[in-house]
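Colleague: sequence below, structure please.
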Amino acid sequence: MRNSYPKVAALTLFAGLMISTIAQAQSTSNLKIVVNGIQRQQGQVCVSLFAGSQGFPDKSDRAVRAQCVPVEKGRTAVTFQNLALGNYAIAVYHDRNGNGRLDRNFVGIPTEGFGFSRNPVIRTGAPRFSEAAVFVAGTDTTAQIQLQYLLGG
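Modeller: Numbering: from 1, shown residues only. Sure thing, here's the model as predicted:
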């Protein structure tokens, strides 16, 4: 019996280390954002990822991650890696002229395509964070975003 105690202790320690390693491995995830409905194959698609309502959707300097990528034929994808698990909201726009911002007309209506995670219906303004939030879990997550063009393409 005495000889089995060190073996049990070692096995318990090993099991604890394995569980801890598995838990740490699952504490981050990747989020792939697929942008559909791009009307013209020019410019870039800019994606901002927010972990809370502050700055969402148009203050990309408040985003936890932001990236612009060249437009690809059909659909464009961006992947953010090693995100902490939790709720995020995504704001996307098609920067057709490459000036680094969502262009608007004189009354503030976007003249370039835009979209949000969960594809909420846009009536009089941008959605709230809670309307666009998606949960990034321990496995890779994909969000499909359909661009909207209010004033044509």
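Colleague: isn't there a strand covering Ser130?
Modeller: No. Counting by DSSP: H, G, I helix; E, B strand; the rest coil, Ser130 is not part of a strand but helix.
Colleague: ok, then the element right after the lowest-mean-pLDDT helix or strand in the chain?
Modeller: Taking mean pLDDT, DSSP states H and E as the measure, the chain has helix 4-25 as its least confident helix or strand, at a mean of 46. Later in the chain than helix 4-25, the nearest helix or strand by DSSP states H and E is strand 28-36.
Colleague: for that following strand, name the packing helices and strands.
Modeller: Counting contacts by 3 or more C-beta pairs under 8 Å, 6 or more residues apart in numbering; DSSP states H and E, strand 28-36 packs against strand 44-50, strand 75-84, strand 86-95, strand 134-136, strand 141-146. All C-beta atoms are positioned from the backbone trio N, CA, C, and that covers glycine.
Colleague: in its sheet, what does the first one sit against?
Modeller: Pointing back at strand 44-50 there. Applying DSSP bridges to the sheet, strand 44-50 is found paired with strand 65-70 (antiparallel), strand 86-95 (antiparallel).
Colleague: what are the contacting residues of it?
Modeller: Contacts with strand 44-50, where a contact means C-beta atoms under 8 Å, 6 or more residues apart in numbering, come from 31, 33, 35, 38, 56-57, 60, 62-71, 76, 78, 80, 83, 88-95, 98, 100, 129.
Colleague: try it again with 6 Å
Modeller: For strand 44-50, contacts defined as C-beta atoms under 6 Å, 6 or more residues apart in numbering pick out 33, 35, 56, 60, 63-71, 76, 78, 80, 88-95, 98.
Colleague: quick one: that strand to strand 75-84, angle?
Modeller: Strand 44-50 and strand 75-84 are oriented at 30 degrees to each other (axes from the mean of the first three to the mean of the last three C-alpha atoms, to 10 degrees).
Colleague: next: the last one.
Modeller: Compare the direction of strand 141-146 with that of strand 75-84 by the same axes, to 10 degrees and you get 140 degrees.
Colleague: still on that earlier bit, could you write me a ChimeraX select line covering just the buried ones among the contacts of strand 44-50?
Modeller: What follows is the ChimeraX syntax selecting those of the contacts of strand 44-50 that are buried according to 16 or more other C-beta atoms under 10 Å:
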select :33,35,56,60,63,65,66,67,68,71,76,78,80,88,89,90,91,92,93,94,95
